[in-house]
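In: With the input below, show me the fold.
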Amino acid sequence: MTETDQVVQLTPGPEAHKPEPVIHVTPKAIAKIRQAFEKQGVTGALRLGVLGGGCSGLSYQFKFDTKERPTDKVFEFDGVKVVVDPKSLLYLHGMTLDYKESLMQSGFVFENPNAQKSCGCGTSFSS
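Out: Predicted coordinates for the structure are as follows:
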């Protein structure tokens, strides 16, 4: 290396170290979750999970949880905590939780790329 050669070492900024979340929650869903917590007067996290059963073999679990378990994966979206157990995370990886409103119905919608088949109710799937 000559005197005119320079070695430049780039260090990634803090945002480069933030891992991409493996689940996503839309701003509309975040607002509805926050509203539900306030209405129920509870604190803690929203637990997302997968249980055996339902029309298509597996069903989504969606409930308030006052504390996390040691093995939970914890996500935070604009101050709202979402927790997922490791086994459920296998089925929910890449999922987006949204909230949709229409003239016919409104509610939370699971957009799950791992679901091979879903039933009409939207709360059951198979992988």
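In: could you pull out the strands for this structure?
Out: 24-25, 45-52, 58-65, 73-77, 80-84, 96-101, 106-111, 117-118, 124-126 (DSSP state E).
In: quick one: which of those is nearest residue 32?
Out: Nearest of the strands of the chain to residue 32, taken as CB to CB: strand 96-101 at 4.6 Å. In short, each C-beta sits where N, CA and C put it, glycine included.
In: measure the most centrally placed residue in the chain to residue 99 for me?
Out: What sits nearest the mean C-alpha location of the chain, by CA atoms, centre = their mean, is residue 23, with 3.6 Å. To residue 99, residue 23 is 15 Å away according to CB to CB, to the nearest Å.
In: circling back: what's around the residue lying closest to the residue nearest to the centre of the chain once chain neighbours are set aside, how many residues?
Out: Among residues not flanking residue 23 along the chain, residue 95 sits closest, at 5.1 Å (CB to CB, 6 or more residues apart in numbering). Neighbourhood size, residue 95 [other CB atoms under 10 Å]: 23.
In: ditto for residue 115
Out: Count around residue 115 with other CB under 10 Å applied: 19.
In: before we move on, the earlier item: okay but the residue nearest to residue 23 is in contact with residue 29, surely?
Out: No - applying CB atoms under 8 Å as the test, residue 95 and residue 29 come out as separate, 11.5 Å apart.
In: so what's the residue nearest to the centre of the chain up against?
Out: Counting by CB atoms under 8 Å, 6 or more residues apart in numbering, residue 23 makes contact with 48, 75, 82, 84, 89, 92-97.
In: give me that answer again for 10 Å
Out: 48, 73, 75, 77, 82, 84, 88-89, 92-97, 110, 112 (CB atoms under 10 Å, 6 or more residues apart in numbering).
In: Produce a ChimeraX select command limited to the buried residues of those.
Out: Only the buried entries of those go into this ChimeraX selection, using 16 or more other CB atoms under 10 Å:
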select :48,73,75,77,82,84,88,89,92,95,97,110,112
